[in-house]
Structures are given as C-alpha cells and as structure tokens.
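>>> Provided below for reference: sequence and predicted model.
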Amino acid sequence: MLTLVVYDIHDDKRRQQLAKILSRFGLTRVQYSAFKGDLNPNDKEVLIRKVTKYVVDEIDCIFVIPLCGRCLATSEVISKNGRMLVSESSVKIV
C-alpha cells in the first residue's frame, strides 16, 4: 500500500540515519522530512520496528500514514516551483 512517512527528529545524526533507512525500504523523499512509497504489510511492520528507536526525545515523532488511491487522487500539492519531489542533492543537514 502507498505509505507516507513524515518525521520530526531533533538530532541531526538520527535524522540522517532515519532518512537512509527509509530510502533502503524503497521510499522516495517528497519533502525534507517526508518519504512516500509502496510498502506491503510485512515491510510496514518491519519498518515501524526499525524506526521506533529514532524517537528518543519528547519532541521526536514519526508518522507512518497509509494512503488509499482515492486519498492520493484527491490530494493537492501547493508549491511555488510546481514540483512535489525534493532533489536529494538539495537536502543538507546543518
């Protein structure tokens, strides 16, 4: 099922590690802290187990959101440049 993963991780190193894990699961970065892609139910559960350790501080959180076809078809992207995807090379952690 198409899945959106959105996160807010305070620590730079943990945030970078989380992004690498999401990429390894075949998810594509759509915003600086958001990835989207297809996950079967088993992979979704494995992903959730793996990423849970990155929530350490009270302000850290990760949303794993399933997107149905209708939800995606009716979604809107609001952007000045008309694009949804963020170029990996433009993502810099400071």
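Yep, that arrived. Numbering: from 1, shown residues only.

>>> State the mean pLDDT of the helix ranked longest in the chain.
Ranked by residue count and defined by DSSP state H, the top helix of the chain is helix 12-24. The pLDDT scores in helix 12-24 average 97.

>>> Please work out which residues outside it touch it.
5, 7, 9, 29, 33, 35, 47, 50-51, 54, 56, 60, 62, 91, 93-94 (CB atoms under 8 Å, 6 or more residues apart in numbering). From N, CA and C alone the C-beta is placed, and that goes for glycine too.

>>> which pair in those residues spans the largest distance?
The span of those, defined through CB to CB, is set by L47 and V94 at 26.8 Å.

>>> more neighbours, those two?
L47 (20 against 3; other CB atoms under 10 Å).

>>> elements contacting the strand or helix carrying that one?
Here L47, judged by DSSP states H and E, is contained in helix 41-51. Packed against helix 41-51 by the contact rule (3 or more CB pairs under 8 Å, 6 or more residues apart in numbering; DSSP states H and E) you find strand 2-8, helix 12-24, strand 61-66.

>>> chain center to that helix, what's the gap?
When distances are taken as CA atoms, centre = their mean, to the nearest Å, helix 41-51 is centred 13 Å away from the chain's centroid.

>>> what does the average pLDDT come to for that helix?
Computed over helix 41-51, the average pLDDT equals 96.

>>> Give me the contact list for it.
Under CB under 8 Å, 6+ apart, the answer for helix 41-51 is M1, T3, V5, Y7, L18, I21, L22, F25, L39, I62, V64, P66.
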